[in-house]
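Novice: predicted structure and sequence below. I'll ask about it afterward.
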Amino acid sequence: MRILAVIPARAGSKGIPNKNIRIIGGKPMVYYAIRNALSSDLITDVVVTTDSEAVRIIAKEMGASVRWRDERLCRDDVTLDAVIYDAIDPEVKWDYVVTMQPTSPTLKKDTLDRAIRYAIDEDLDTLISAINAPHLSWGEKDGKKVPNYKERLNRQYLPANYLETGAFVVSRASVITENTRIGAKVDVFEVSEEEAVDVDTFADLYSVAAALNRKKVAIYVNGNNKRGIGHIYRALELADEFYSKPDIYYDANQTDPSVFGTTTHTLIPVNGIAELFARCKENQYDIMINDILSTSIDYMIGLRSVMPKAHIVNFEDEGEGVLKADLVFNALYGSSDYPQVKSGEKYYIAGKLFLMYNPIPIREKVQRVFVAFGGADPSNYSDRILAIAAKPEYRDTTFTVVLGRAKNNVEQMMEYNKYPNIEVLYDVANMPELMTKCDMAITSRGRTGYELAILGIPSIAMSQNEREEMHSFVSNENGFTYIGLHPTDEIIENNLKMYLSLSKESRQRFQDLMLSHDLRNGRRRVMGLIENL
C-alpha cells in the first residue's frame, strides 16, 4: 500500500511571522510534522510543499521530498485542496494521501498511525482529526442571539461536539481534486486536548511551547511517625508546581497512604527499591525528585543506571547520595561545601496558603497560644504542653493545639477539649488561619518554625531529636526562643510564663527578626533551579 504524506509549509505567515520555522522545543515547528511522517509505520512517502528556502533545507536535511510551490498557490485565497492536489505525483498509484499541517507539533506519531489504520480498516474516504469539545454555545436567528442547546447541562453531560484540528486529514487518493479532499464516507478521529493545539496565534504558540518543553517528573517520598511527614507536605507542594502531573511514588512498607490526605495527585505504592527502579526504567523520567531524608551512593548509582538521562534532585538529604545528585536542597541546614547543594532558608518552600496571609499584629498582651509539633510529634511534646495548659493558673490564656496526621494517641489528646481554655484539633486544613489568631507559639525545629516565621509569630521552639538540633533557622538570632532537645517541663513552663509576661515591644523585636528573612520566595528560587537543569 502506498500512502503519501503531504506537508504544506509556505513562507508567508502574517499572524506569526516565520511561523513554520520558529524554534519551538529546540526544533523548527515544521520539523515535528516531518518527523512524524518519516517515522510513521504506515506512511511510505513524504513530500513538503513550500515556497520557503528555509523549509526546503529543513525538509531535505531530514530526508523528505520537496515540491516547490508555484506562486499562484501561495495566495491567501487559495484553498489547501489545490495545494495538496498539486503536490501529488500523478504517475504514482497512491492508496491514501495524508495532509499534515506543520502547525500541530504536539501530535504524536502513534496517534497518527492509529488514525491511518482506522481509516483503512473502516474503508473510509476521509478521516479528519478532531477534538470533542462540548460547550454551551449560542447562535443567531432572525437577528437575535439564541442558544444552541435545549437544556443547560454540565459540560460532561452535553452531546458530543467535534471541532476539527489541523493535525491531519486522511483521504483516499481517488477522492482528491483541486477543490476537495472529502469523500462520501467521512468520519472524525478524536485526538487529545494536548495534541489538538493548532498554532494560529501567539497564545497557541505559548501553549505548544509549554507542552513540548514539559518535563516528565517523578517524586519518591516517604513519611511516618519516626521520620516525620514534612516530606509528604513538601512533595505535594512541589507536585503542584509542574505543568504536568508527576508520578508520586512511596514505599508501602514505610508510608501509610493516609498521610497524603485527600490529594488527587497520582500516588503509586512500591514494594521496595527494586520495584521503584523497575518503574523508573519503564517510564524514563526527565526529573526524579527524592524526598526520603537520606540517600546512599548505591541508591543514586542505581537510579542513574536505570535513567541515565534524568536529572536527579534531592531534598533534605543527609546521606552520601548528595555526591551523585544534580541538585540538593537543604533548607533546614546551614551552608555546604558542595556546589550542587543549596542550603538555608532561601530554599524553604512555603505552603501556598501561607503566602496569602500577612504577619500578625503584635498585641499588648498574649491572649492565645498556638501549639504544633509537625505531623508526627514523636517526642509527644503536645502531651506535655497540654498538661501544662490544663493548670488553673493558665485559665485566662487560650491554647490552640494542632495534632498532625501521624500523631499517636489522638483520642486521648482530644479529651483536653473539656477545658474551656484548650482547643485540640486534628489534621486541620488551614493552618495559617489558626496561627494568625494567636499571639505566640510553641513548636519544634522543623517546617512549622518556618511557617510561624512567615507570619511573624514569636515562638518557643525545641528539638524532637538529634537531627533537628542541626536545623539552623529556628534559633535565637532569628527571633525564636530555642530551648534545646528534650527540655524539662520546668524549662518549658518557665519560658511560657516569660512570654506571657513579655511587653509588646519585646515581642515586636522577635517578630522583626523573623520577618527580616525572605521566606516567601523560596518556592520560586527552588523551581527556577530545577527548571534550568
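Specialist: That came through fine.
Novice: report the buried residues of stretch 384-401.
Specialist: 384, 385, 386, 388, 389, 394, 397, 398, 399, 400, 401 (16 or more other C-beta atoms under 10 Å). Every C-beta, even on glycine, is put in place using the N, C-alpha and C of the backbone.
Novice: residues in contact with residue 402?
Specialist: 370, 371, 372, 425, 426, 428, 431, 434 (C-beta atoms under 8 Å, 6 or more residues apart in numbering).
Novice: which of these are buried?
Specialist: Buried among the contacts of residue 402 (16+ other C-beta under 10 Å): 370, 371, 372, 431, 434.
Novice: most widely separated two among those residues?
Specialist: Greatest spatial distance in the buried ones among the contacts of residue 402: 371 and 431, 12.1 Å, computed using C-beta to C-beta.
Novice: can I get the contacts of residue 402 in TSV including distance to residue 140 and pLDDT?
Specialist: Shown next, in TSV, are these (distance: C-beta to C-beta, whole Å; pLDDT from 0 to 100):
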residue	distance to residue 140	pLDDT
370	59	98
371	64	98
372	59	96
425	56	96
426	57	93
428	52	89
431	52	92
434	54	96
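Novice: tell me the one of those residues nearest residue 86?
Specialist: Ranked by distance to residue 86 (C-beta to C-beta), the contacts of residue 402 are led by residue 431 at 66.2 Å.
Novice: which residues are in contact with the closest one?
Specialist: Here residue 431 is in contact with 351, 353, 354, 372, 402, 451 (C-beta under 8 Å, 6+ apart).
Novice: wait, which of these is closest to residue 62?
Specialist: Nearest to residue 62 among the contacts of residue 431: residue 351, at 47.6 Å, using C-beta to C-beta.
Novice: from residue 425, how far out is that closest one?
Specialist: Remark: distance between residue 351 and residue 425 (C-beta to C-beta, to the nearest Å) = 17 Å.
Novice: what does stretch 106-114 rub up against?
Specialist: Residues contacting stretch 106-114 (C-beta under 8 Å, 6+ apart): 32-33, 35-37, 39-42, 98, 100, 129, 167-168, 189, 191-192, 194-195, 197, 208, 211-212.
Novice: so which of these sit within strands?
Specialist: Counting by DSSP state E, the contacts of stretch 106-114 place 98, 100, 129, 167, 168, 189 in strands.
Novice: among those residues, which two are most distant?
Specialist: Spatial extent of the ones in strands among the contacts of stretch 106-114 (C-beta to C-beta) is set by the pair 100 and 189 at 13.2 Å.
Novice: which of these two has more neighbours?
Specialist: residue 100 (28 against 22; other C-beta atoms under 10 Å).
Novice: quick one: the ones in strands among the contacts of stretch 106-114 as CSV, columns for pLDDT and distance to residue 234 too.
Specialist: Formatted as CSV, the ones in strands among the contacts of stretch 106-114 follow (pLDDT from 0 to 100; distance: C-beta to C-beta, whole Å):
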residue, pLDDT, distance to residue 234
98, 97, 47
100, 96, 44
129, 96, 41
167, 93, 39
168, 97, 43
189, 97, 42
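Novice: can you give me the strands in the stretch 101-250 of the chain?
Specialist: Taking DSSP state E, counting those that start in this stretch as the criterion, the stretch 101-250 of the chain contains strands spanning 126-132, 138-141, 144-147, 162-172, 186-190, 217-221, 247-251.
Novice: name the helices or strands packed onto the longest one?
Specialist: Same thing as strand 162-172. If contacts are counted by 3 or more C-beta pairs under 8 Å, 6 or more residues apart in numbering; DSSP states H and E, strand 162-172 sits against strand 96-100, helix 109-121, strand 126-132, strand 186-190.
Novice: so which of the ones you listed is the most packed in?
Specialist: Each of the helices and strands packed on strand 162-172 was scored by mean neighbour count; the highest is strand 96-100, a mean of 26, by mean count of other C-beta atoms under 10 Å.
Novice: could you check the angle it makes with helix 109-121?
Specialist: Counting by axes from the mean of the first three to the mean of the last three C-alpha atoms, to 10 degrees, strand 96-100 lies at 150 degrees to helix 109-121.
Novice: strand 96-100: partners in the sheet, and parallel or antiparallel?
Specialist: strand 3-8 (parallel), strand 162-172 (antiparallel) (DSSP bridges).
Novice: and the contacts of the longest one?
Specialist: Strand 162-172 is contacted from outside by 95-101, 103-104, 107, 111-112, 115-116, 119, 124-133, 181-183, 188-191, 195-198, using C-beta under 8 Å, 6+ apart.
Novice: residue closest to the middle of this structure?
Specialist: Nearest residue to the geometric centre of the chain (C-alpha atoms, centre = their mean): residue 242, 2.4 Å.
Novice: ok, that residue - contacts?
Specialist: Contacts of residue 242 (C-beta under 8 Å, 6+ apart): 214, 215, 217.
Novice: just checking, the first one touches residue 244?
Specialist: Yes - distance between residue 214 and residue 244: 5.0 Å, which falls inside the contact criterion (C-beta atoms under 8 Å).
Novice: my read: residue 71 touches residue 78, true?
Specialist: No - taking contacts as C-beta under 8 Å, residue 71 lies outside contact range of residue 78: 10.3 Å.
Novice: neighbour-wise, which of those two wins?
Specialist: Neighbours per residue (other C-beta under 10 Å) separate residue 71 from residue 78, with residue 78 holding more: 15 against 7.
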